[in-house]
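In: next comes the sequence, and after it the predicted model I'd like to discuss.
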Amino acid sequence: MCRTLLRPLARSVTYTRGLHLALPMTAVALWMFIDKHSPWMPLLLAVPIGLLPGMRLAEAIQAQLFLTPHERGATDASIAVAPATDWADRWRTVLWLEIRLLSSVALFGVGVPAILLCSDLVRAALGAGHTRDTLLHLAGPRWWYALVAPLPILVLLAVLVGLGELVTACARWLLGPSASARLHALEERTERLLENNRIARELHDSIGHSLTAMVLQAGAARASGEPEFTGTALAAIEDTGRTALEDLERVLAVLRDPSTPVDQRPTLTAAAQLFDSARSTGATIDADITGPIARVSGPISREGYRILQEALTNALRHAGGVAVRVRVCADEHWLELEVSNPVPAADRAVPADHGSGLRGIRERAELLGGDARMGSEGGQWRTWVRLPTHGLG
């Protein structure tokens, strides 16, 4: 119990908070030197001073330095080191200054008498006599005065701890992030998470497709034993690897600089590259593209390209060099993508949401307000996606 009560006295923050409480008394003392008949004037002057936008920043820096030093530099600090952005922040700063001044006066109102009383008790215990400034009329020297002399200091320390906790709680309330600032920070974190998920999907779709194609191309070249086919396969591997490096460099550029424009991502107008890459693995691609694909809006076309890429990767990974039918159709309202291929009997019972790639297709479609269906039907694995175009771009 005693250890619990004394623990705050062993914390350095207790005394930095005391210093923070004592600082406003310099302003009060300065004003009392100017006009001792109006000690309330600093409370009145705190109103226009607190309305200055920069005052909130200055007070927040002091508060975080003295009241919550363990939170310095933390992204989730309870005291926001920032200037006032609206009138609500300014009036909260005014209220904080008033509380800080009153707390400082309360500390000195207890501290000065406590120190004087302790001094009187010590002097009386030593038989030093009395003066006009003595707070207590002590009846001569008594040895036990020395025993009670520390009590005023203990009371002062208790008040110091209590006021420090109170002022820290007020600082977190009045100088902490406002509701709008917390909402803005939450939105920023959400945007970062969404962007990280998008980058993860980009890496999965582009690099995953390229690596799958390269593995199949290398396997086909090794199995054929024909120099001409091997040369063709190696050239295809080179082109696929170069494309993968370009995709990787683009994604890394986004990570290094989030302001990198997204319009550098490939669109459905580059679908022929996907078909050529798939054909180089030995698969037969029967592609049917109809409608004004080049006029599909950029975001829909870019996501459509990634969906088509993942569907082809899925076909090559699980079925190998088979006949794959691809249908892409665009009109004023919808963009439809369909990829179907024969599937081995052992894979026909795979659930439609199996694997991160298929989940990524569904998530992309739902995010854009579209629909996605995939699964095995009559020995064919079919991936069908419909996205709203909201008019052609």
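Out: It's in. The structure presented is a predicted model; accordingly, all values stated were derived computationally and were not measured.

In: quick one: the helices in the stretch 51-200 of the chain, in order.
Out: Under the criterion DSSP state H, counting those that start in this stretch, helices of the stretch 51-200 of the chain are mapped to 53-66, 87-125, 145-148, 150-174, 179-202.

In: of all those helices, which one is nearest residue 328?
Out: Smallest distance to residue 328 across these (C-beta to C-beta): 20.1 Å, for helix 179-202. (Each C-beta comes from the backbone N, C-alpha and C, glycine too.)

In: next, the buried residues of whichever helix or strand comes after that closest one.
Out: Elements were assigned by DSSP states H and E; along the chain past helix 179-202, the next helix or strand is helix 208-224. By 16 or more other C-beta atoms under 10 Å, the buried positions in helix 208-224 come out as 208-210, 212-214, 216-218, 220-221.

In: show me what helix 208-224 is packed up against.
Out: In this structure, helix 208-224 packs against helix 227-256, helix 271-279, helix 298-319, with contacts taken as 3 or more C-beta pairs under 8 Å, 6 or more residues apart in numbering; DSSP states H and E.

In: and the contacts of that helix?
Out: Residues outside helix 208-224 that contact it (C-beta atoms under 8 Å, 6 or more residues apart in numbering) are 229-230, 233-234, 236-237, 240-241, 243-244, 247, 274, 277-278, 280-283, 309-310, 312-313, 316-317, 320-321, 357.

In: same thing but at 6 Å, please
Out: 230, 233, 236-237, 240, 244, 277, 280-282, 309, 313, 316-317 (C-beta atoms under 6 Å, 6 or more residues apart in numbering).

In: over to stretch 37-52?
Out: Identification of contacts with stretch 37-52 by C-beta under 6 Å, 6+ apart yields 27-28, 31, 55, 90, 93-94, 97-98, 101.

In: list the buried residues for stretch 160-175?
Out: 160-161, 163-164, 167-168, 170-172, 174-175.

In: actually stretch 333-341, not the one I wrote
Out: 334-341.

In: what strand or helix carries the residue nearest to residue 343 when sequence neighbours are not counted?
Out: Spatial nearest neighbour of residue 343, excluding adjacent residues (C-beta to C-beta, 6 or more residues apart in numbering): residue 381 at 4.0 Å. Assigned by DSSP H and E, residue 381 belongs to strand 380-388.

In: distance between that strand and the chain's centre?
Out: 35 Å (C-alpha atoms, centre = their mean, to the nearest Å).

In: partners of it in the sheet?
Out: Taking DSSP bridges as the criterion, strand 380-388 forms sheet pairs with strand 334-342 (antiparallel), strand 371-377 (antiparallel).

In: run through who's touching the next helix or strand after the first one.
Out: Once the chain leaves strand 334-342, the next helix or strand it forms, by DSSP H and E, is helix 356-367. Applying C-beta under 6 Å, 6+ apart, the set of residues contacting helix 356-367 from outside is 201, 303, 307, 310, 314, 353, 371-372, 374, 385.

In: please name whichever of those scores lowest on pLDDT.
Out: Minimum pLDDT across the contacts of helix 356-367 is recorded for residue 353, with 48.

In: sorry, back to before: which parts of the strand holding residue 381 are buried?
Out: Judged by neighbour count (16+ other C-beta under 10 Å), strand 380-388 contains these buried residues: 381-387.

In: okay, the angle between that strand and helix 298-319?
Out: With axes from the mean of the first three to the mean of the last three C-alpha atoms, to 10 degrees defining the directions, strand 380-388 sits at 170 degrees from helix 298-319.

In: could I get the CA-only coordinates of strand 380-388 as PDB?
Out: What follows is strand 380-388, C-alpha atoms only, in PDB (Å, rounded to 0.1, in the frame of the first residue of the first chain):
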ATOM      1  CA  GLN A 380     -15.200 -26.900 -68.100                       C
ATOM      2  CA  TRP A 381     -13.900 -24.300 -65.700                       C
ATOM      3  CA  ARG A 382     -15.700 -21.100 -66.300                       C
ATOM      4  CA  THR A 383     -14.900 -17.600 -65.000                       C
ATOM      5  CA  TRP A 384     -17.400 -15.000 -65.800                       C
ATOM      6  CA  VAL A 385     -17.300 -11.400 -64.700                       C
ATOM      7  CA  ARG A 386     -19.500  -8.400 -65.500                       C
ATOM      8  CA  LEU A 387     -18.500  -4.900 -64.700                       C
ATOM      9  CA  PRO A 388     -20.600  -1.700 -65.100                       C
END
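
In: tell me the angle of it relative to helix 356-367?
Out: Going by the same axes, to 10 degrees, strand 380-388 makes 30 degrees with helix 356-367.

In: one step back: could the contacts of helix 356-367 go into CSV alongside distance to residue 78?
Out: Below are the contacts of helix 356-367 laid out as CSV (distance: C-beta to C-beta, whole Å):
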residue, distance to residue 78
201, 35
303, 40
307, 44
310, 44
314, 48
353, 42
371, 45
372, 44
374, 48
385, 46
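
In: out of the contacts of stretch 37-52, who's nearest residue 291?
Out: For the contacts of stretch 37-52, the residue nearest residue 291 by C-beta to C-beta is residue 90; the value is 57.0 Å.

In: correct me if wrong: the closest one contacts residue 97.
Out: No: Residue 90 lies out of contact with residue 97 (C-beta atoms under 6 Å); the separation is 10.8 Å.

In: those two - which one has more neighbours?
Out: Using other C-beta atoms under 10 Å as the criterion, residue 90 and residue 97 rank with residue 97 on top: 22 against 18.

In: and the more buried one, what's its pLDDT?
Out: At residue 97, pLDDT is 91.
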